[in-house]
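# What follows is a protein structure lacking sequence information:
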């Protein structure tokens, strides 16, 4: 039998993720297999603009008895059921090398995108998304002044399939004493790269991707949206700043508007993919806030969407992925091509 040459776009292989120093198994041929597994129920988003039972809508009373103001733009407040709190007492417990625990202090905030119960990012105006980014910027500035805070994580869970407990569009901000695991892994890899090259890892990565064009989905003057070479989720996207910003406080109004435009277009493409309100978890990664200098850090935003073949078929992390390493069936190049060719006008407006 004649030995054919290896083709990483079609043959099984592992890809290295230099951001966290880990590998992902890619099996492109498996995307062709018939699906007889679980399918999710149709996701029909038909929410009203105002819901009297929603504890995030303007004028409604939350679980702790506090009444929301009649807000007209983004609205931020301390999470009533915070996962981490500043009043946690100091303490730790250790028993030998195998049992260790320590207290963790922090602040959790909720940011409603707008007063409308049914208005998600892809259907918001760029100007209103910029107002949300203004809130992120001001909150980051205020929270990093707290000397005990080392990391500020801004993230959004969209859709019940991603564990979102309230359909009113919102995101969260968790500020805490420790630097979480994923940020620690990225920070370690970026620091090693910067020490060797005196450039950020994502600067060099972006330069290569812009030359190849294979995985670029969309770009504007200040940001690039691409499917990472090492993507795990089916239609995973990463927004990377073209400039080496360490955190969001360095954005001027022009940069914030470009970021808002990119955020909107990425989520429009997601909704257009299966003509549904596309679920995902997304979050911003930026430098720690413990007072040290981090020239190696480079601002970026991750999008992890679970849908694979249609609005009904979800990508689960199970079996091999939980016990061995991440694995994906659709290559980053194919995902990028599919997303790139989608309309940038929301399907509801076509």
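Perfect, I can see it now. Keep in mind the model is a prediction, meaning the values are calculated, not measured.
# count of residues packed around residue 320?
11 (other C-beta atoms under 10 Å). Every residue, glycine included, has its C-beta placed from N, CA and C.
# how far away is it from residue 27?
Using C-beta to C-beta, to the nearest Å, one obtains 10 Å as the distance from residue 320 to residue 27.
# residues shared between the contacts of the two?
Common contact partners of residue 320 and residue 27 (C-beta atoms under 8 Å, 6 or more residues apart in numbering): residue 327.
# Give the next helix or strand downstream of the lowest-mean-pLDDT helix or strand in the chain.
Within the chain, no helix or strand scores below strand 313-314, which has a mean of 68 by mean pLDDT, DSSP states H and E. Downstream of strand 313-314, the first helix or strand assigned by DSSP states H and E is helix 320-323.
# which of the residues in that next one are buried?
residue 321 (16 or more other C-beta atoms under 10 Å).
# repeat for stretch 95-115
105, 106, 107, 108, 109, 110, 111, 112, 113, 114, 115.
# Which helix or which strand is home to the residue nearest the centre of the chain?
Most central in the chain under C-alpha atoms, centre = their mean is residue 282, positioned 1.9 Å from the mean C-alpha point. In this structure, residue 282 sits in strand 280-285 according to DSSP H and E.
# tell me what the lengthiest helix in the chain is packed against?
Counting by DSSP state H, the longest helix found in the chain is helix 253-274. The contact analysis (3 or more C-beta pairs under 8 Å, 6 or more residues apart in numbering; DSSP states H and E) places helix 253-274 against helix 126-143, strand 216-219, strand 223-226, strand 237-241, strand 300-304, strand 307-310, helix 332-340.
# any idea of the mean pLDDT for it?
What helix 253-274 shows for mean pLDDT is 97.
# List the buried residues for that helix?
Neighbour-count burial for helix 253-274 [16+ other C-beta under 10 Å]: 255-274.
# With stretch 206-214 instead?
Under the neighbour-count criterion of 16+ other C-beta under 10 Å, stretch 206-214 has 206, 209, 214 buried.
# residues contacting the last one?
Looking back up the chat, that one is residue 214. By C-beta under 8 Å, 6+ apart, the residues touching residue 214 are 333, 336.
# and what of the first one?
Contacts here follow C-beta under 8 Å, 6+ apart; on that basis residue 206 touches 224, 240, 242.
# Next, format the residues you listed as JSON lines and append neighbour count and pLDDT.
Shown next, in JSON lines, are these (neighbours: other C-beta atoms under 10 Å; pLDDT from 0 to 100):
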{"residue": "224", "neighbour count": "21", "pLDDT": "98"}
{"residue": "240", "neighbour count": "21", "pLDDT": "98"}
{"residue": "242", "neighbour count": "18", "pLDDT": "98"}
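# now, which of these sits nearest residue 347?
residue 224 (24.0 Å; C-beta to C-beta).
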